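>>> With the sequence up front, the predicted model follows.
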Amino acid sequence: MQIHTTVDSLRDALRSAGKVAFAPTMGNLHAGHVSLMRQARDYGDSVVASIFVNRLQFGPREDFDKYPRTFEADCNQLCEAGVAHLFAPDESVLYPTPQQYFVTPASAQDDILEGAMRPGHFRGVATVVTKLFNIVQPTAVLLGKKDYQQLMVIRNMVRELNMPIEIVGCETIRAPDGLALSSRNGYLSEQARTEAPRLFRQLQVIADAIGKGRRDYDVLESAALEHLREHGWQPDYVSVRRRSDLLPPTGNEALVIVAAARIESTRLLDNLEVA
Ligand code: AMP
């Protein structure tokens, strides 16, 4: 695997790389990231990964400084997964001057769920992935469904801005007890780690109820919120949404249940598509 820290070095190397399948990350890689890299092999001649902790998508009181940085272990995993090129720029390479131009999702997408909880987050995400897409010029980009709203925002951005890129949504990889793998799981105390799978179990409870014909989503959501609070969680939302745009369902659309909740000081995010 070649490691590139400058745009020129990566671009030179990619001239002979054929069609590129690309998976952007913030590092501290786990089996969820590795599954994106492995799937990427089916979507191009070469797999490119990036590691960049993007300050622009973190709020002022969020965990940018303490976000885990494990570069050497990450490189070993990427090598093993068949990644040909890693782009790992410093902040000074991606943002040599303060960014003056931004990609901002329309308010319908930016103001709901994660967008409402983390003002400016999707502007930071959309701006950095646009920069990365322009640098890497991939044919396909692999993103995890774990970050469901991010996947939707990027998918819609690529379509609306006519970027010639196929966006591939990949299934969430979980620990055996159901907890979705996440770099932030490393923040969990032993006790919180034991408690953490409850979030996914609540999503399953709601999905089962919908499967049995329940349509009183607000009742199901309130019960899950209450249950989480009783077990020491501070939930931000548990919500049944339509998959296409994450707005509340109005009829017979395909659904996803999305949730974000804090256990101790760690904020966990999860979702489950309703079959
Ligand atoms: P991050 O490094 O957290 O920004 O994530 C980089 C990419 O990996 C994003 O497309 C995430 O959605 C994806 N990802 C993170 N966790 C998982 C997981 N447990 N399963 C599958 N994909 C994941």
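Cool, the structure landed. The shown structure was predicted, so the numbers you read here are calculated from the model rather than taken from an experiment. Residues are numbered from 1 along each chain as shown.

>>> For residue 21, grab the count of nearby residues.
27 (other C-beta atoms under 10 Å). All C-beta atoms are positioned from the backbone trio N, CA, C, and that covers glycine.

>>> Now it: closest residue in space, sequence neighbours ignored.
residue 44 (3.3 Å; C-beta to C-beta, 6 or more residues apart in numbering).

>>> correct me, but that neighbour touches residue 137?
No - between residue 44 and residue 137 there is no contact under C-beta atoms under 8 Å: 11.2 Å.

>>> Mind listing the shared neighbours of these two?
Taking C-beta atoms under 8 Å, 6 or more residues apart in numbering as the contact rule, residue 44 and residue 137 both touch residue 20.

>>> neighbour-wise, which of the two wins?
It is residue 44, of residue 44 and residue 137, that has more neighbours when counted by other C-beta under 10 Å, with 20 against 16.

>>> How far away from the center of its chain is the lengthiest helix in the chain?
For the chain, the helix that runs over the most residues, judged by DSSP state H, is helix 121-136. Averaging C-alpha positions (C-alpha atoms, centre = their mean, to the nearest Å) puts helix 121-136 13 Å from its chain's average.

>>> Number the chain from 12, please
Let's use 12 as the start, then, which means that last one is helix 132-147.

>>> and after that helix, which helix or strand comes next?
With elements assigned by DSSP states H and E, the helix or strand that comes after helix 132-147 is strand 151-155.

>>> Show me what that following strand is packed against.
Helices and strands touching strand 151-155, by 3 or more C-beta pairs under 8 Å, 6 or more residues apart in numbering; DSSP states H and E, are strand 31-36, helix 42-51, helix 159-171, strand 177-181.

>>> Could you identify which of the ones you listed is most buried?
strand 31-36 (a mean of 25; mean count of other C-beta atoms under 10 Å).

>>> who in the stretch 112-261 of the chain is up against the ligand?
Contact residues, the stretch 112-261 of the chain versus the ligand (C-beta under 6 Å from any ligand atom): 154-155, 157-158, 181, 183-184, 191-194.

>>> Apply 5 Å and report the result again.
154-155, 157-158, 183-184, 191-192 (C-beta under 5 Å from any ligand atom).

>>> Where do the strands of the stretch 162-286 of the chain begin and end?
177-181, 244-253, 266-274, 277-284 (DSSP state E, counting those that start in this stretch).

>>> separation between the nearest residue to residue 45 once chain neighbours are set aside and residue 151?
Nearest residue to residue 45 in three dimensions, chain neighbours excluded: residue 92, at 4.9 Å (C-beta to C-beta, 6+ apart). Counting by C-beta to C-beta, to the nearest Å, the separation of residue 92 from residue 151 is 16 Å.
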